[in-house]
Structure formats: structure tokens, C-alpha cells
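A.B. asks: Turn this into a model:
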Amino acid sequence: MSGTLLVVNLIVAIALMIALILIPKLNPAISLVIASIYMGVSCGLGFVTSIDTIASGFGNMMASIGLPIGFGVILGQLMSDTGAAKVIAKTIVHSVPNKFVLYAVAIAGFILAIPVFFDVTFIILIPIGIAVAKEVNKPLAYVVGALTIGDGIAQTLVPPTPNPLAAADLLHFNLGTMVIMGLIIGAIATVVSVFIYTKIHDTGFFKPEKDMNPNAELFSEEKELESDKQPSFLVSFLPILIPVVCILTGTGADAIYDETPMVAQFLGNKIIAILLGTLCSYLIGYKYLGRDKVEASAGEALKQAGIVLLITGAGGSFGSIISATDIGNALVTTLSINSGSVIKVLFLAYFIGCIFRIAQGSGTVAGITAMTIMATIAPSVSIHPVYIALAALAGGISVGHVNDSGFWVVSNLSGFTVTGGLKTYTVAQIIMSISIMILTLLFALILPGAIG
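C.D. replies: Numbering: from 1, shown residues only. I've put the predicted structure just below:
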């Protein structure tokens, strides 16, 4: 089959996937599988081979990141339920002068969103944010934007959240590199994005009389924990710190030793690293919740994990089909990509992510799909594949609007109208998406081999 026809079939498969999500409202995982079947059959793999390839792709993805995602979700839920997440947030926010408090709010969101889902992090932090807005006499829009930026960037770039975990597997590079580059670019993008967002809102962009819902009931004060006992800041931080240190230990040992010591290999394995963090969160839970509540908390977490695992696995299926059809070589030829096509490839990854984000709303689906498509092109370009992942993920959070569940979580909990949500959540996501993309371009051109 000609390369041009392969590319046309890929475009049709993408259009089919988006249409199935938008029109009959099929679950994204089901839509990914149907698009994979179309892609396999239309490109000459045949029905039986296509199904076998889809199944093996799903299995390979789950074998690689299924357990880490499941452990990570439990870790985050226990941090939320024990109050550890709130302790971290309050400590950070209350430790800086008022003029830097928006940056502190964003950093608190950034740290908490590493193990905790976006909406859970926002729910934890919005009562603190409302209190901060009153304390510094700023419209709530400022704090909501800062929360959205910190929360969204970490959720997108830093493992053990699903997309950055999948990035290392899909594009075949060390997870430690994703941790290092995600933290560096994410931290810089957070500060830059909050600065730009604040300057935009200093112009009076947000109109409380039009953009706030007068009938909304906001938290008048921060919710108190059910128990009087709560963990210290250091204890609260351990479940996040342990996996990061373990993964970086493995990455560092790879760089230092010709033959990586077995202990470093063991601790640096993403399953072990995140398992240790999860066990730490269990120990905290036993002390501050009790065994029965810990069991209930873990059970609730796994309910949330199900759909994430299904979508991620289906993304692996789509990736296997794309690899089997040799679409990568077709794209390289059609788009005239060579080892020097760095900017072209990064923008391609970014725009694919943008298209999926705007069309169907889910950042998870957008990021996974963009990285899956770009994985076939990555070997043709003379930069570390982590940059292609970062560009795809930046596109995957580009324009969150009314078809994105996060938009409604933020708007409703903040008491904003639809226009208020667009001026805060959507604007914040556009700013942070562009910031990540620009930083990715700069790092790729200056440091093509990445760090780690």
C-alpha cells in the first residue's frame, strides 16, 4: 500500500475516533479500539491480525504501566483522605509573603497533582484558595487560575500520573528522564504561566458582576479534617518523595555505572518505586484514618482507576496497530521529515494534541493519542523522544472548554458562569500549554539529549 494511502487511512481513523466520541458519545476507549480495527483492516492487516495486534498492544501497555497507575491512584486517594494533601498545601501557601501567594498556590497545586487527580486536587485546594483570595483582597479568578495552572501542569508532565507514565513506554525512554524534564519544564512553566495570567487579569479582564454566579454557594471557610490528628508536613510529603527519589536513583545509577547495580535497578523500577510510595501512604492512613477507612479509600481509588486504565490500554492498542502498518515511514516520507526536522516534528506533535483536546475534551485521550502517533516518527529526529512527549502533552492540555469535565469542576466549585470559566480555566490552560511548548522547543534546541 502506498504511503499516501496509509496517511489518508490514519486521518480517517482519527476522524472516526473523534466522531464516535462526540456524536453517539461512545467511551473514548471503545472509540480508540474501533478506530484501531478500521486502521488495521484498511491498511491490509486483515481482521484476525488486527484483533490480535489490538489485544497484544493493550496487554503490553498494561504490563508496563497498569500496576503503577493503579498504585498511584491509591496513593493519591489516601493522601487526600488522610489530610496529608491539605497539610502540604496549607504549609506552602502560608509560608510566603502575600505578594507571592499566587505562586505558592500554584506550587501547592503542582506538588499535590503529582499523585492526585486534577479534580481531587482542586477540590482539596479551592477552600484554601477562597480564604487566600479574601486575605490578599484579590478576585477569586486570580487564585482559580493559579490553581488550574499548577494542578494542570503537574498532572500533565510529572509521573506517576497516567500520561507521563505512558509517555516513557510509548516513546521508549527512561522514566527518570520524564521525571526530571517534567519537573524542570513544569516548574518553569508554572511560574511563567502564573505571571502572564496575572498580568492579563490585572487589566480587568474578569468581570465579577458578569462572570460570577450570584446564586453559587462557596465555602466560607476551609473544611476541617474529620479527625483532630493530622500528619506533619514531612510525613505528608513522604509518599510523593519516595517514588521520585527511587526512580531518580535508578536513572542516576544508569548514568554512573557501566553495569547498573541490582539494588538501583530494583528501586528504580517504576512498579517498585510507586508501590513503596503507596505503602507509605497506607502506613499514614492506618494511623490517621484507621484500617477500615483505609480499605474503603483504596476501593474508591480503584473505581476511578478503571476508566483511566481502559483508555491508556486502548491507546496502546492504537499504537500497536500504527506500528504494524508502517505508518511511521509513510509520515516521514510524506512530511519530508529528516534528522534535522526538530521544530516541524515538535509542532506536529503539539497540533495533534491540540486537535484531540479541542474536539473531544479529554486531556488523557488527547495526550495518549498524540504520543501514539508520534512514536512512529520519533526515531527519525535527532532529539531525545522526551521532547516529543512534552510537545504532545502540551497540545493535550491546550484548550479545555465546555466539553472538558475539568472545566465544570472548576467553574462550579468557584461559583463562575460559563464565561467566567472560559476566562479562568480555559485562558489558564491556553497560557500553560503555550508556555510548555515554547520551553520544550528551547530545551530541545539547546539540550537535544535531555537530562537523565
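
A.B. asks: Look up the pLDDT of the residue most central in space within the chain for me, please.
C.D. replies: Centroid-nearest residue in the chain: Thr156, 2.3 Å away (criterion: CA atoms, centre = their mean). If you check Thr156, the pLDDT there is 96.

A.B. asks: what about the closest residue to Ile337 other than its chain neighbours, how many neighbours?
C.D. replies: Leaving aside its sequence neighbours, Ile337 sits nearest to Ser380 (CB to CB, 6 or more residues apart in numbering; 5.4 Å). Bear in mind the C-beta positions are built from the backbone N, C-alpha and C, glycine included. Using other CB atoms under 10 Å, Ser380 has 17 neighbouring residues.

A.B. asks: now swap in Tyr425 and tell me
C.D. replies: Neighbours of Tyr425 (other CB under 10 Å): 27.

A.B. asks: Do I have it right that it meets Asn412?
C.D. replies: No - assessed by CB atoms under 8 Å, Tyr425 is found out of contact with Asn412, at 10.9 Å.

A.B. asks: ok so, going back, thought the residue nearest to the centre of the chain was touching Ala166?
C.D. replies: No - Thr156 is not in contact with Ala166 according to CB under 8 Å; the separation is 11.7 Å.

A.B. asks: which residues do the two both contact?
C.D. replies: Shared contacts of Thr156 and Ala166, defined by CB atoms under 8 Å, 6 or more residues apart in numbering, comprise Gly367.

A.B. asks: re the thing from before, residues in contact with the residue nearest to Ile337?
C.D. replies: Here Ser380 is in contact with Gly328, Val332, Ile337, Asn338, Ser339, Ser341, Val345 (CB under 8 Å, 6+ apart).

A.B. asks: Other residues contacting the helix or strand bottoming out on mean pLDDT in the chain?
C.D. replies: Ranked by mean pLDDT, DSSP states H and E, the weakest helix or strand in the chain is helix 327-334, scoring a mean of 80. For helix 327-334, the external contacting residues (CB under 8 Å, 6+ apart) are 3-4, 6-7, 10, 43, 322, 337-338, 373, 375-377, 379-380.

A.B. asks: gap between the very next helix or strand once past it and the chain center?
C.D. replies: With elements assigned by DSSP states H and E, the helix or strand that comes after helix 327-334 is helix 342-360. Its chain's C-alpha centre and that of helix 342-360 lie 15 Å apart, by CA atoms, centre = their mean, to the nearest Å.

A.B. asks: Excluding sequence neighbours, find me the nearest residue to Val308.
C.D. replies: Val308 sits nearest to Pro162 (CB to CB, 6+ apart), 5.2 Å away.

A.B. asks: With Ile21 instead?
C.D. replies: Leaving aside its chain neighbours, Ile21 sits nearest to Gln360 (4.5 Å; criterion: CB to CB, 6+ apart).

A.B. asks: start to end distance for stretch 156-172?
C.D. replies: Stretch 156-172 has its terminal residues 18 Å apart, counting by CA to CA, to the nearest Å.

A.B. asks: For that stretch, buried residues please.
C.D. replies: Within stretch 156-172, the residues that qualify as buried are 156-171, counting by 16 or more other CB atoms under 10 Å.

A.B. asks: Keep only those of those residues that are in helices.
C.D. replies: Secondary structure assignment (DSSP state H) places Thr156, Leu157, Pro162, Asn163, Pro164, Leu165, Ala166, Ala167, Ala168, Asp169, Leu170 from these within helices.

A.B. asks: you'd agree the fourth one is up against Thr369?
C.D. replies: No - Asn163 lies out of contact with Thr369 (CB under 8 Å); the separation is 10.6 Å.

A.B. asks: tell me how far the helix or strand hosting Val144 is from the chain's mean position?
C.D. replies: In the assignment (DSSP H and E), Val144 maps to helix 140-157. How far helix 140-157 lies from its chain's middle: 12 Å, per CA atoms, centre = their mean.

A.B. asks: Could you name the helices and strands sitting against that helix?
C.D. replies: Judged by 3 or more CB pairs under 8 Å, 6 or more residues apart in numbering; DSSP states H and E, the packing partners of helix 140-157 are helix 101-112, helix 118-136, helix 162-170, helix 175-201, helix 363-374, helix 385-396, helix 405-414, helix 427-446.

A.B. asks: Which single helix of this structure contains the most residues?
C.D. replies: Ranked by number of residues, the top helix in the chain under DSSP H is helix 47-82.

A.B. asks: quick one, what contacts Leu289?
C.D. replies: Contact partners of Leu289, counting by CB under 8 Å, 6+ apart, are Leu78, Asp81, Thr82, Ser227, Ser297.

A.B. asks: circling back: quick one: the helices and strands packed on helix 140-157 as TSV, columns for distance to Tyr350 and mean pLDDT too.
C.D. replies: Output for the helices and strands packed on helix 140-157, formatted as TSV (distance: least, CB to CB, whole Å; pLDDT from 0 to 100):
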stretch	distance to Tyr350	mean pLDDT
helix 101-112	21	95
helix 118-136	20	88
helix 162-170	14	93
helix 175-201	14	97
helix 363-374	8	92
helix 385-396	4	97
helix 405-414	20	90
helix 427-446	5	97
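
A.B. asks: now for these, which one comes closest to Pro261?
C.D. replies: helix 175-201 (15.0 Å; CB to CB).

A.B. asks: List the buried residues in that closest one.
C.D. replies: Within helix 175-201, the residues that count as buried by 16+ other CB under 10 Å are 175-194, 196-197, 200-201.

A.B. asks: got CSV for the contacts of Ser380, with distance to Ile149 too?
C.D. replies: CSV is the format used below for those (distance: CB to CB, whole Å):
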residue, distance to Ile149
Gly328, 34
Val332, 35
Ile337, 32
Asn338, 36
Ser339, 35
Ser341, 31
Val345, 26
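
A.B. asks: any idea how far Ile107 is from Ile196?
C.D. replies: 16 Å (CB to CB, to the nearest Å).

A.B. asks: Let me fix that, I meant to ask about Leu439.
C.D. replies: Using CB to CB, Leu439 is found at 13 Å from Ile196.

A.B. asks: Now for Val402, how many residues are close by?
C.D. replies: By the criterion of other CB under 10 Å, Val402 has 12 neighbours.
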